[in-house]
Structures are given as C-alpha cells and as structure tokens.
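Trainee: Just the structure for this:
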Amino acid sequence: QVQLVESGGGLVQAGDSLRLSCAASGGTFRNYAMGWFRQAPGKEREFVAAIGGSGSSTKYADSVKGRFTISRDNAENTVYLQMNGLKPEDTAVYYCASRSSWTLRVDQTEYAYWGRGTQVTVSS
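Mentor: Down below sits the predicted model:
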C-alpha cells in the first residue's frame with residue numbers, strides 16, 4: 001500500500017510561483033510513475049503532469065506546458081510540481097497520484113493511489 005501526502009499549496013497572486021511536494025511511503029518509489037491532477041470547483045478532476053519512474057520522461061497538459069515542471073527525487077521518495085506564472089484559472093485542489101508501474105500515463109484511471117490533495121488559490 002502506497003501512502004501519498006501533498007504539501008505546499010496556498011494563496012498566491014497571479015504571476016507568483018509555488019512548489020508542491022508529494023511524499024510517498026510504502027512500496028518502491030522508483031518503480032512507480034507519478035502524476036499530478038487538479039480539480040477546480042464545479043469541474044471534473046483533470047490531468048496536469050506526469051513523470052516516469054526514472055524521471056527521464058515527462059508529460060504535461062497543454063494548459064500548463066511551459067509554466068509547470070514536474071520532477072522527482074527517488075532518494076527522498078518525493079515528487080514535485082514547480083508552478084510558475086500562476087493564473088487564476090490554476091485555482092484548484094491539486095492531487096498527487098501513483099501508478100503501480102513505472103510508465104507514465106495521463107488517464108487518471110491508470111493511477112492506483114491518491115493523496116488527499118492540497119489547495120492552490122490564485123487571486124487576480
């Protein structure tokens with residue numbers, strides 16, 4: 001069983017930056033692809049970014065490409081989401097998720113384990 005705990009959310013102004021962290025425990029972290037998803041009020045949860053088990057492959061939603069960067073530290077069992085140039089439309093609860101395989105996917109149904117989420121609010 002993998003446990004995931006997100007941190008780093010908060011209230012910021014448009015244009016600011018935040019770095020989200022997701023600490024994993026249980027299992028062998030380097031074997032798992034990791035993803036970040038988000039859910040805005042009244043909307044469905046959507047894919048943000050994903051990273052393969054080795055960290056060499058990444059994928060981003062078009063809406064965040066060039067502004068967000070996903071990375072991981074397999075020695076620390078942690079995945080990060082660096083968010084720059086934040087916009088009000090980035091306001092959402094951000095969730096970290098883990099697959100049971102090292103290959104990344106964008107479909108949230110491919111992810112077996114989920115954190116509880118961290119709130120990111122961007123004011124205009």
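Trainee: What separation do you get for residue 97 and residue 70?
Mentor: 12 Å (CB to CB, to the nearest Å). Just so you know, the C-beta spots here come from the backbone N, C-alpha and C atoms, and that holds for glycine as well.
Trainee: Kindly apply the preceding question to residue 41 instead.
Mentor: 24 Å.
Trainee: show me where this protein has strands.
Mentor: Remark: strands assigned in the chain by DSSP state E are 3-7, 10-13, 18-25, 34-39, 46-51, 58-60, 68-73, 78-83, 92-98, 113-114, 118-123.
Trainee: What lies in contact with the fifth one?
Mentor: So the one you mean is strand 46-51. Residues outside strand 46-51 that contact it (CB atoms under 8 Å, 6 or more residues apart in numbering) are 33-39, 57-61, 64, 68-72, 79, 81, 94, 104-108.
Trainee: Dump the strands of the chain to JSON lines, plus mean pLDDT.
Mentor: Output for the strands of the chain, formatted as JSON lines (pLDDT from 0 to 100):
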{"stretch": "strand 3-7", "mean pLDDT": "97"}
{"stretch": "strand 10-13", "mean pLDDT": "98"}
{"stretch": "strand 18-25", "mean pLDDT": "97"}
{"stretch": "strand 34-39", "mean pLDDT": "98"}
{"stretch": "strand 46-51", "mean pLDDT": "98"}
{"stretch": "strand 58-60", "mean pLDDT": "98"}
{"stretch": "strand 68-73", "mean pLDDT": "98"}
{"stretch": "strand 78-83", "mean pLDDT": "98"}
{"stretch": "strand 92-98", "mean pLDDT": "98"}
{"stretch": "strand 113-114", "mean pLDDT": "97"}
{"stretch": "strand 118-123", "mean pLDDT": "98"}
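Trainee: Columns mean neighbour count on top of the ones you listed, output as TSV?
Mentor: As requested, the strands of the chain are exported to TSV (neighbours: other CB atoms under 10 Å):
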stretch	mean neighbour count
strand 3-7	17
strand 10-13	13
strand 18-25	18
strand 34-39	24
strand 46-51	22
strand 58-60	17
strand 68-73	18
strand 78-83	23
strand 92-98	23
strand 113-114	18
strand 118-123	17
